[in-house]
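> Make a model of this:
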Amino acid sequence: MSLDVSLRHDLGALHLDVDFTAPRGVTVLFGRSGAGKSTIVNAVAGLLRPRDGRIQLEDHLLLDTGSGVNLPPHRRGVGYVFQEGRLFPHLTVRQNLAYGRWFATQRKARADYDRIVEILGLGDLLTRRPGDLSGGEKQRVAIGRALLAEPQLLLADEPLAALDEARKGEILPYFEALRDEIAIPILYVTHSAAEVARLATTVIALQDGRVARQGPAIEVLGDPMVTPAGARAAGAVLEAVVSRHHIDGLTELDAGGVPLFLPRLTRAPGARLRVRIAAHEVMLATSRPQGISALNILPGTIEAMRAGTGPGMMVSLMTPAGPVLARVTRRSAASLGLTRGADCFAIVKSIAIAPEDVGGQITQPGPSQS
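From the prediction side, this is the model:
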């Protein structure tokens, strides 16, 4: 199942003009505030009528301004998770979930209640009321309620924006589970590069109402020409396997044959991971460094260099582990004589990779609910 979106709309200073396809899995709309992300999801949900557009969910036409089709929100088969849980405060978690299940259509079997409760870890919360839940727990209940209505598409508009870092870390693994086990498209809005790196099956990078780049997270985030959330948020994504845990508190990964050391992870040896390495945390050297404290040294070849408007420059290095981005000054690039095609070494401190930058690698989505 896939979602095809073609929209043109003017909203204040925003001139939206986008065309993209969201397949199964998590398609992330990624960009700065004002790039058009929420406008797109509201148009898909039926909460906003665009000036011109067409939205089709598999064979279900939701909007076609040319022929006058504009289904109301309740007929679109869409579930929506907002920044706040918006739960009924007087109902228990079980009753809030039952409210979502009440909207399940009669033409299909009822949603698998036990499976949703298990995926989202809600079993111990069923008798509690929203006032007794943390922010992360409320969002998990809100997601469960939306899924139990049997939507054909799930929209999530910055669902972690109102949470602190601890609560974000709590809920991200549940979104990873949804990505891998729920066979419907999920359109997810964020300006957090860490969330993109961990969750995205597909990335739609938005800049000023246009699609700057779309494709797999590894390709889009590793492109030095694409910085939809700003240079500070730039960073590449590597796929790795847990090799072993060391007694000094470090976990060793195998990233394309290159050892990568991180603060201890809870994953077992053999687990496949995605690791985001922020560009501003990467140093470059033209020869293999000796006598330094950094443990992660990745050899590679410079593929591209992009100068910014200020003193900075983005350098893309292809390593055995995959593409790595480094944000350095133009002065450093000049003093090192960096050029496209030159051999180089990327240097990353172990403690520079934050826990929120490490997530489970994407697996094949589970069977369809239909």
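> going forward, measure contacts between C-alpha atoms and count neighbours the same way
OK.
> Tell me which residue lies nearest the centroid of the chain.
The centroid of the chain falls nearest to Val196 when counting by C-alpha atoms, centre = their mean (2.6 Å).
> Spit out the contact partners of Gln152.
With contacts defined as C-alpha atoms under 8 Å, 6 or more residues apart in numbering, Gln152 is in contact with 57, 77-79, 184-185.
> Quickly note the distance from it to Arg198.
Distance, Gln152 to Arg198, using C-alpha to C-alpha, to the nearest Å: 23 Å.
> Also Met1?
22 Å.
> With Leu155 instead?
Going from Leu155 to Arg198 by C-alpha to C-alpha gives 17 Å.
> what residues does stretch 276-286 touch?
By C-alpha under 8 Å, 6+ apart, stretch 276-286 touches 194, 197-198, 232-238, 314, 324-328, 336, 343-349, 352-353, 357-358.
> same thing but at 6 Å, please
Applying C-alpha atoms under 6 Å, 6 or more residues apart in numbering, the contact partners of stretch 276-286 are 234-237, 325-327, 344-348, 357.
> For it, measure first residue to last.
Using C-alpha to C-alpha, the two ends of stretch 276-286 sit 23 Å apart.
> In contact with Ala326, which residues?
279, 282, 314-315.
> before we move on, back to that, and the contacts of Gln152, which of them are in strands?
The members of those that map onto strands under DSSP state E are 57, 78-79, 185.
> now the helices: where do they sit in the stretch 1-150 of the chain?
All helices of the stretch 1-150 of the chain, identified by DSSP state H, counting those that start in this stretch, fall at 37-45, 93-102, 113-119, 135-147.
> With distance to Leu126 and mean pLDDT as new columns, can those be given to me in CSV?
Shown next, in CSV, are the helices of the stretch 1-150 of the chain (distance: least, C-alpha to C-alpha, whole Å; pLDDT from 0 to 100):
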stretch, distance to Leu126, mean pLDDT
helix 37-45, 28, 94
helix 93-102, 5, 84
helix 113-119, 9, 86
helix 135-147, 9, 89
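> Ok, which of the ones you listed comes nearest Ala22?
Of all the helices of the stretch 1-150 of the chain, helix 37-45 sits nearest to Ala22, with 11.7 Å by C-alpha to C-alpha.
> buried stuff in the closest one?
37-45 (16 or more other C-alpha atoms under 10 Å).
> May I see the residues you listed organised as CSV, with distance to Leu262 added?
Shown next, in CSV, are the buried residues of helix 37-45 (distance: C-alpha to C-alpha, whole Å):
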residue, distance to Leu262
Lys37, 33
Ser38, 35
Thr39, 38
Ile40, 37
Val41, 36
Asn42, 39
Ala43, 41
Val44, 40
Ala45, 40
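> ranges for the strands of the stretch 201-350 of the chain?
Using DSSP state E, counting those that start in this stretch, the strands of the stretch 201-350 of the chain run over 202-207, 210-215, 235-245, 250-255, 258-263, 272-278, 282-285, 296-307, 312-319, 322-329, 343-348.
> Select, out of those, the one closest to Leu172.
Short answer: strand 272-278, nearest of those by C-alpha to C-alpha, at 13.1 Å.
> what lines up beside the closest one in the sheet?
strand 235-245 (antiparallel), strand 358-360 (antiparallel) (DSSP bridges).
> so of those, which one's packed in deepest?
strand 235-245 (a mean of 23; mean count of other C-alpha atoms under 10 Å).
> got the contact list for that one?
Applying C-alpha under 6 Å, 6+ apart, the set of residues contacting strand 235-245 is 218, 221-222, 251-255, 269-279, 322, 324-325.
> ditto for stretch 46-66
Stretch 46-66 has contacts (C-alpha under 6 Å, 6+ apart) with 1-9, 42-43, 69-73.
> try 8 Å this time
Contacts of stretch 46-66 (C-alpha under 8 Å, 6+ apart): 1-10, 39, 42-44, 69-73, 76, 152-153.
> ok, and for it, which residues are buried?
46, 49-50, 53-57, 61-64.
> Just put those in JSON lines and tack on distance to Leu120.
Putting the buried residues of stretch 46-66 into JSON lines (distance: C-alpha to C-alpha, whole Å) gives the following:
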{"residue": "Gly46", "distance to Leu120": "27"}
{"residue": "Arg49", "distance to Leu120": "33"}
{"residue": "Pro50", "distance to Leu120": "34"}
{"residue": "Gly53", "distance to Leu120": "35"}
{"residue": "Arg54", "distance to Leu120": "33"}
{"residue": "Ile55", "distance to Leu120": "29"}
{"residue": "Gln56", "distance to Leu120": "28"}
{"residue": "Leu57", "distance to Leu120": "25"}
{"residue": "Leu61", "distance to Leu120": "30"}
{"residue": "Leu62", "distance to Leu120": "29"}
{"residue": "Leu63", "distance to Leu120": "32"}
{"residue": "Asp64", "distance to Leu120": "35"}
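> re the thing from before, what about Met1 and Arg198, which has more around it?
Applying other C-alpha atoms under 10 Å to Met1 and Arg198 shows that Arg198 carries more neighbours, namely 25 against 15.
> Check the secondary structure at that one for me.
When classified by DSSP: H, G, I helix; E, B strand; the rest coil, Arg198 comes out as helix.
> rewinding a little: between the buried residues of stretch 46-66, which is closest to Lys138?
Gly46 (24.5 Å).
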